[in-house]
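Colleague: no letters, just coordinates:
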Ligand SMILES: [Zn+2]
């Protein structure tokens, strides 16, 4: 389980970009150049704004959709199963889930 925010996504963006576009001959010079610029950033320079400016869109470091309610949230928790499928939940959906668990626990008593 990991917590994902636009800031944590921005921090990971250079590695993820370079992994996605590592086949330079296939993806071309533009993607390679973006990856080179991203890799040159120090960790403290990897803000959502800087990442968006280099890539040309905000999708690599923005709010993430909750897989339960569908709302875009600045903080989600990502759960990953054994096959690598990730499921994101927002704070409200986590609270609702915990409330349901606690209700069941009360029934059992
Ligand atoms: Zn939610």
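Modeller: Sure thing, it's come through. A quick note: this is a predicted structure, and the numbers were derived from the prediction, not measured. Numbers count the residues shown, from 1 in each chain.
Colleague: the longest helix seen in the chain: which residues count as buried?
Modeller: Across the chain, the longest stretch assigned as helix under DSSP state H is helix 91-108. Neighbour-count burial for helix 91-108 flags residue 93 (criterion: 16 or more other C-beta atoms under 10 Å). The C-beta positions use only the backbone N, C-alpha and C, and glycine is treated the same way.
Colleague: quick one: average confidence on it?
Modeller: Averaged across helix 91-108, the pLDDT comes to 93.
Colleague: and it, is it in reach of the ion?
Modeller: Yes: Helix 91-108 lies within reach of the ion by C-beta under 5 Å from the ion, at residue 93.
Colleague: okay, now the nearest residue to residue 93 once chain neighbours are set aside: neighbour count?
Modeller: Counting by C-beta to C-beta, 6 or more residues apart in numbering, residue 93 lies nearest to residue 68, which is 4.1 Å off, once chain neighbours are set aside. Counted by other C-beta atoms under 10 Å, the residues lying close to residue 68 total 16.
Colleague: contact partners for residue 68?
Modeller: The contact partners of residue 68, by C-beta atoms under 8 Å, 6 or more residues apart in numbering, come to 89, 90, 93.
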